[in-house]
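*Asks:* how does the following fold in three dimensions:
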Amino acid sequence: MADGVCEECGKEAPFLKESDGKPYLEVHHVTPLSMGGADTIDNTIAVCPNCHRQYHHGPLFQTDL
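*Replies:* Predicted coordinates for the structure are as follows:
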């Protein structure tokens, strides 16, 4: 469980959600669904928005999955 900390960079969530005051993190599938990854908690990590964008568009993107 992430406990409000990005599981990639280790930084605290960038802000608290106005709706419930909880830390804002995004869910990222470790093995993409399009590559046969399961839509389960075991195949996800909680990441900050910056790391999530990097996974999809930047240096954290892995083409060899």
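*Asks:* need phi/psi at the most centrally placed residue in the chain.
*Replies:* Residue closest to the average C-alpha location in the chain (Cα atoms, centre = their mean): Val47, at 3.1 Å. According to degrees, to the nearest 10, the main-chain angles of Val47 amount to phi -130, psi 160.
*Asks:* cool, Arg53 as well?
*Replies:* Backbone torsions for Arg53, taken as degrees, to the nearest 10, come to phi -60, psi -40.
*Asks:* my guess is Gln54 meets His28, correct?
*Replies:* No. Using Cβ atoms under 8 Å, Gln54 makes no contact with His28, being 10.0 Å away. C-beta coordinates here come from the backbone N, C-alpha and C atoms, glycine included.
*Asks:* shaky segments in the chain?
*Replies:* Across the chain, the ranges flagged by pLDDT under 70 are 61-65.
*Asks:* rerun that using 80 as the cut-off
*Replies:* Low-confidence segments of the chain (pLDDT under 80): 59-65.
*Asks:* please enumerate the strands of it.
*Replies:* Remark: strands assigned in the chain by DSSP state E are 26-29, 44-47.
*Asks:* which one of those lies nearest to Ala2?
*Replies:* Evaluated over these, closeness to Ala2 peaks at strand 44-47, with 3.6 Å, by Cβ to Cβ.
*Asks:* got a list of contacts for the closest one?
*Replies:* 2, 6-9, 25-30, 55 (Cβ atoms under 8 Å, 6 or more residues apart in numbering).
*Asks:* tell me which residues touch Phe15, please.
*Replies:* Residues in contact with Phe15 (Cβ under 8 Å, 6+ apart) are 23-24.
*Asks:* for Thr44, see how far away the residue nearest to Asp39 when sequence neighbours are not counted is.
*Replies:* Excluding the flanking residues, the one nearest Asp39 by Cβ to Cβ, 6 or more residues apart in numbering is Leu33, at 6.0 Å. In this view, Leu33 and Thr44 are 11 Å apart by Cβ to Cβ, to the nearest Å.
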